[in-house]
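Engineer: got a predicted model here, sequence first, then my questions.
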Amino acid sequence: MTKIICVVNDEVKEGSDLKKEHGVSFWIEMQHSNVLFDTGQSPEVLSHNLNLLGLSPINIDALVFSHAHYDHTGGVAAIIPQRTTIPLYANSDLFRARYSDKDHVHKPIGIAMMESDLSHYFYLKLGEDPAEVKPGLWTTGTIQERPERMGISKHHVIHTQAGWEHDSYQDDISLVLKTATGNVLICGCCHAGILNTLSHAKKVFGDPSIGVIGGTHLISADDQYLDHIIAVFQERYPDCNFYLNHCTGKNAIDRLMEKLGDRIQIFPAGSTIEFPE
């Protein structure tokens, strides 16, 4: 069995002593290895929650970043004292400077550590193609085809030779866990768009999608587009269940639950789900 534990999220299980923060991190416990997917926003919260869940950085065999934003990469320092010289998988566009533009003030929101610093601690595995992190667990690689709406924020920008432009989120990747009954998509924020990412996973990895876990950045989606997503879920992914958190947004989760019922579940920090390998 592969166990997926939500370590960091905006919300925690009721009655838990886990700390919450805007961010996400997942512990993926496989038969012979453990993979940490994203690190939340701060080392303090990641370290506290790992300890409370009985998980130790010393047992991490690989690290994956879904994208560069601080709420997914900011907790990495909690790992470094205990676990280095392991591979770190991410998109090759990870270290592009990224900003939030509000009231004409550009605030850095990308990864805080420089590539040279991270390469001192980890074996950087940066690329655009899908990569096998561990047997049965792959990165999606760059989501090239994006006919559907992306999970965007109007405030997210990058600086190019042409000036300030909206971030195209080329660094955004997800994980695909191949199980005995189908593929499970594990998302950080899914800035590339949940429908684009699901379509990409089907095209690259085959097999039906039986689960989606994590943030899907539907927090700014209007009801009309949510209804479109629901229709696609019903038509193309009828056997897929969704375990949602982080940037999915309460309105989106409520509307999805209304239409799809028990296929939609919230997945706060402290939640666990298992899949047969």
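Structural biologist: That came through fine.

Engineer: list the contacts for the residue most central in space within the chain?
Structural biologist: Most central in the chain under C-alpha atoms, centre = their mean is residue 188, positioned 1.2 Å from the mean C-alpha point. By C-beta atoms under 8 Å, 6 or more residues apart in numbering, residue 188 lies in contact with 24, 37-38, 65-67, 72, 172-174, 214-215, 246. For glycine as for every other residue, the C-beta is placed from the backbone atoms N, C-alpha and C.

Engineer: let me know the closest of these to residue 128.
Structural biologist: If you rank the contacts of residue 188 by distance to residue 128 using C-beta to C-beta, residue 173 comes first, at 9.2 Å.

Engineer: distance of that closest one from residue 76?
Structural biologist: 17 Å (C-beta to C-beta, to the nearest Å).

Engineer: now swap in residue 55 and tell me
Structural biologist: Counting by C-beta to C-beta, the separation of residue 55 from residue 76 is 15 Å.

Engineer: does residue 45 count as helix, strand or coil?
Structural biologist: Under DSSP: H, G, I helix; E, B strand; the rest coil, residue 45 falls in the helix class.

Engineer: do residue 213 as well
Structural biologist: Of the three states, residue 213 takes strand according to three-state DSSP.

Engineer: that one pairs with what?
Structural biologist: residue 186, residue 243 (DSSP bridges).

Engineer: which residues touch the closest residue in space to residue 208 that isn't next to it in sequence?
Structural biologist: Leaving aside its sequence neighbours, residue 208 sits nearest to residue 182 (C-beta to C-beta, 6 or more residues apart in numbering; 4.4 Å). Contact partners of residue 182, counting by C-beta under 8 Å, 6+ apart, are 207-211, 239.

Engineer: are any of these buried, and if so which?
Structural biologist: Neighbour-count burial (16 or more other C-beta atoms under 10 Å) applied to the contacts of residue 182 gives 209-211.

Engineer: redo these as a markdown table? Include distance to residue 83.
Structural biologist: Compiled in a markdown table, the buried ones among the contacts of residue 182 are given as follows (distance: C-beta to C-beta, whole Å):
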| residue | distance to residue 83 |
| --- | --- |
| 209 | 31 |
| 210 | 31 |
| 211 | 27 |
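
Engineer: how about these in CSV, adding distance to residue 60 and pLDDT?
Structural biologist: Shown next, in CSV, are the buried ones among the contacts of residue 182 (distance: C-beta to C-beta, whole Å; pLDDT from 0 to 100):
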residue, distance to residue 60, pLDDT
209, 26, 95
210, 26, 97
211, 23, 97
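
Engineer: any idea which of these is closest to residue 4?
Structural biologist: For these, the residue nearest residue 4 by C-beta to C-beta is residue 211; the value is 9.1 Å.

Engineer: mind listing what that closest one touches?
Structural biologist: 182, 184-185, 240-243, 273, 275.

Engineer: compare these and tell me which is most surrounded.
Structural biologist: residue 185 (27 neighbours; other C-beta atoms under 10 Å).
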